[in-house]
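S.K.: everything below, folded, please.
(2 chains)
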Amino acid sequence: MKSRPSAHRSRSSKSAASDGSASKFAITDWENDDWSANIDEEEPDSRRIRSIENIPQPAALSRVHSSTSSIAPSKSPHSRDCSVDSRAQNDAQLNAEIEEINARLARITKFKSILRQPVIDLAALRKLAWAGIPDELRPQAWKLLLGYLPKNSNRREETLRRKRQDYLDGLETVFSRPLDQVMWHQISIDVPRTNPHIPLYTHHTTQKALERILYLWAVRHPASGYVQGINDLVTPFFQVFLSEYIDADDITDYDPKSLAKNDLNAIEADCYWCLTKLLDGIQDNYIQAQPGIQRQVAELRDLTKRIDSTLAAHLEHENVEFIQFSFRWMNCLLMRELSIDNIIRMWDTYMAEEPLGFSRFHVFVCAALLVKFSSELQQMDFQDIMIFLQSIPTGDWDEKNVELLLSEAYMWQTLFKDSSAHLKDNE
Amino acid sequence: MAQDEYDILFKVVLIGDSGVGKSNLLTRFTRNEFNLESQSTIGVEFATRTIQVEGKTVKAQIWDTAGQERYRAITAAYYRGAAGAMLVYDIASQSSYEHVSRWLKELRDHADANIAVMLVGNKSDLKHLREVPTEQARSFAAEHNLSFIETSALDASNVDQAFITVLNELYEIYKVKQLEQGDSAGPRPGDGTTISFTPTAGDDKKKSSNCC
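M.R.: Have a look, this model is predicted:
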């Protein structure tokens, strides 16, 4: 039996663990266990396997695995008497997988050619990022897209140094003063309740880091202060920026206590500044009376009327108010509705849609999500609708589902951009 | 899951400071579950449970709200139509108890005037950390005409009893109301708007879309 190439192994387990599905990509599985003999007999298949293995950039390839959407390995090889049909099927599947890998490698190359420029073409980066950023390039791409890293490469190092120092100085200042007890209390009870189902967030080091980031942000933004839900918004940054420093099989299982202090400081500072950039664009959501959210909820209601009047009428008939279910969608940017991996992919597109990705485009995404379940919802009464919408069945969603949602949202945005004003006039 | 048939539907809201255990009271009562590290509630979460009272099927529609101050403007909207409220504090947190009067004012400002309120001291399992003496809370409750109970969502003590007491109380009020309404000869003046009960009572058990 062939040994597993370690580079291939490193990330494929991540996606499997993160969404609970079977391993995302089949290469390692092809070589796995009892049915590998069948594959070895298949000359064309094994040749292809070797040809995949020979692709340079094994590191890149391993990352590709992690973001390759669920092309589950065929179940049939588990049976010894593999039929001709299933062999042909496997053959076709493998071809598809190879094509997908090649397409992704080509995308990585495109990203790298943009990111290598002395002055980054942000428009080009946005265009490419809309369809998803490869895992290994995401930390840098996000920092650029959010305007944290300067697009001019010779200013980057100095900016990072300065920003990271400013974060440390800020911490020193706010923690040398008496704490704002109300704010600190809220943060300290919310941090242990942040993604409690993901081991990474149960570790002491992670929780302390989140506390510092959130408290500094809150003290520096007194108009809103800390509002529940902002704790959720740090986590995609934390995971993505942590991935720059570690090579763990599964980042969601990682305990950052073994990180070097300098690295942890850098991760925290980057999270802090990127969270600040993100929240700068949606501050209305968190100030008194939360007018940003109220407006978005109203926009979602208007949009639903346009897109799916039958569903809108049904919701109205059942006395379901949009604020009842979509407040959280806006307040936490759907982070309670989708897995964190899905959210990370979604944020690639939101950042590419800047400056309004996290506000206006988000409403279109919410509308696309709601109407996706239109036929089910139309069969339900008030109570069932509420229960359904507070735990939308997206547990098995992978990247493909998210991408479909995003393209539907894009379509609605193209059709109805700036039209909500007209809609109100017509009412 | 949701039962389709019931005689009477009561909407009950859970309010109180962040972190006092409102969501766990709800899941303990509706699903017999407790989760030490559940995510904070944002906006409102909703669950139901049906119980029998004097041979009638009574459905409780319980709305769990977010506790943070910033959400008050939004959560007030959820009080509408609530027949009952459970105002929860943490017996191990003096400040959560001190905020009870603020929450009562919220109810006075935004809920129906006749809403039945129960004061609930949760986390009674934390005996060694108690900051709020039972008697103090009990006399506060009596003074303000609230019912009172201490519960532990963690060890489940008194949780069912708390909800069932509220529902029984609501049922008693409902019966009185029915009698008054049935007595067409003499509706009492000045007794116009009362507790918002769902109008689904009757001989035919039927599915109702919403409470009032």
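
S.K.: what about the strand or helix carrying A:I98, average pLDDT?
M.R.: Element membership for A:I98, per DSSP states H and E: helix A:84-115. Mean pLDDT, taken over the full extent of helix A:84-115, equals 90.

S.K.: ok, now stretch A:359-379?
M.R.: 98.

S.K.: dump that stretch to PDB, keeping only the CA atoms.
M.R.: Taking C-alpha atoms only, stretch A:359-379 is exported to PDB below (Å, rounded to 0.1, in the frame of the first residue of the first chain):
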ATOM      1  CA  SER A 359     -24.700  46.400   4.700                       C
ATOM      2  CA  ARG A 360     -26.600  46.600   1.400                       C
ATOM      3  CA  PHE A 361     -25.400  43.500  -0.300                       C
ATOM      4  CA  HIS A 362     -26.000  41.600   3.000                       C
ATOM      5  CA  VAL A 363     -29.700  42.400   2.700                       C
ATOM      6  CA  PHE A 364     -29.900  40.800  -0.700                       C
ATOM      7  CA  VAL A 365     -28.200  37.700   0.700                       C
ATOM      8  CA  CYS A 366     -30.800  37.600   3.500                       C
ATOM      9  CA  ALA A 367     -33.500  37.900   0.900                       C
ATOM     10  CA  ALA A 368     -32.000  35.100  -1.200                       C
ATOM     11  CA  LEU A 369     -31.800  33.000   1.900                       C
ATOM     12  CA  LEU A 370     -35.400  33.600   2.900                       C
ATOM     13  CA  VAL A 371     -36.900  32.900  -0.500                       C
ATOM     14  CA  LYS A 372     -34.900  29.700  -0.800                       C
ATOM     15  CA  PHE A 373     -37.200  28.200   1.700                       C
ATOM     16  CA  SER A 374     -40.300  29.800   0.300                       C
ATOM     17  CA  SER A 375     -42.200  26.600  -0.500                       C
ATOM     18  CA  GLU A 376     -41.600  25.200   2.900                       C
ATOM     19  CA  LEU A 377     -42.500  28.400   4.700                       C
ATOM     20  CA  GLN A 378     -45.800  28.800   2.700                       C
ATOM     21  CA  GLN A 379     -47.000  25.500   4.200                       C
END
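
S.K.: just say helix, strand or coil for A:D396.
M.R.: coil (DSSP: H, G, I helix; E, B strand; the rest coil).

S.K.: that one: neighbour count?
M.R.: Other residues lying near A:D396 total 11 when counted by other CB atoms under 10 Å in any protein chain shown. In short, each C-beta sits where N, CA and C put it, glycine included.

S.K.: measure it to chain B for me?
M.R.: Distance, A:D396 to chain B, using CB to the nearest CB, to the nearest Å: 20 Å.

S.K.: quick one: contacts for the spatially most central residue of chain A?
M.R.: With distances taken as CA atoms, centre = their mean, A:I344 lies nearest the centre of chain A, 1.1 Å away. By CB atoms under 8 Å, 6 or more residues apart in numbering or on different chains, A:I344 lies in contact with A:R138, A:P236, A:Q239, A:V240.

S.K.: closest to A:M183 among those?
M.R.: The closest of the contacts of A:I344 to A:M183 turns out to be A:P236 (CB to CB; 22.7 Å).

S.K.: what helix or strand is the closest one located in?
M.R.: With secondary structure defined by DSSP H and E, A:P236 is part of helix A:230-242.

S.K.: average pLDDT for that helix?
M.R.: 98.

S.K.: following the chain onward from it, which element is next?
M.R.: Stepping forward along the backbone from helix A:230-242, the first helix or strand reached (DSSP H and E) is helix A:261-280.

S.K.: helices and strands around that next one, which ones?
M.R.: helix A:138-145, helix A:153-176, helix A:204-220, helix A:230-242 (3 or more CB pairs under 8 Å, 6 or more residues apart in numbering or on different chains; DSSP states H and E).

S.K.: pull out the buried positions in the first one.
M.R.: Put plainly, it is helix A:138-145. Neighbour-count burial for helix A:138-145, with 16 or more other CB atoms under 10 Å in any protein chain shown as criterion, is recorded at A:R138, A:P139, A:Q140, A:A141, A:W142, A:K143, A:L144, A:L145.

S.K.: run through who's touching that helix.
M.R.: By CB under 8 Å, 6+ apart, the list of residues contacting helix A:138-145 from outside reads A:111, A:115, A:120, A:122, A:125-126, A:129, A:133, A:149, A:151, A:237, A:240-241, A:243-244, A:270, A:274, A:344, A:347-348, A:351-352, A:354.

S.K.: export that helix to PDB, keeping only CA atoms.
M.R.: Extracted in PDB, the C-alpha atoms of helix A:138-145 (Å, rounded to 0.1, in the frame of the first residue of the first chain):
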ATOM      1  CA  ARG A 138      -7.000  34.900   2.400                       C
ATOM      2  CA  PRO A 139      -5.200  36.600   5.300                       C
ATOM      3  CA  GLN A 140      -3.300  38.900   3.000                       C
ATOM      4  CA  ALA A 141      -6.200  39.500   0.700                       C
ATOM      5  CA  TRP A 142      -8.600  40.400   3.500                       C
ATOM      6  CA  LYS A 143      -6.200  42.900   5.000                       C
ATOM      7  CA  LEU A 144      -5.900  44.500   1.600                       C
ATOM      8  CA  LEU A 145      -9.500  44.500   0.800                       C
END
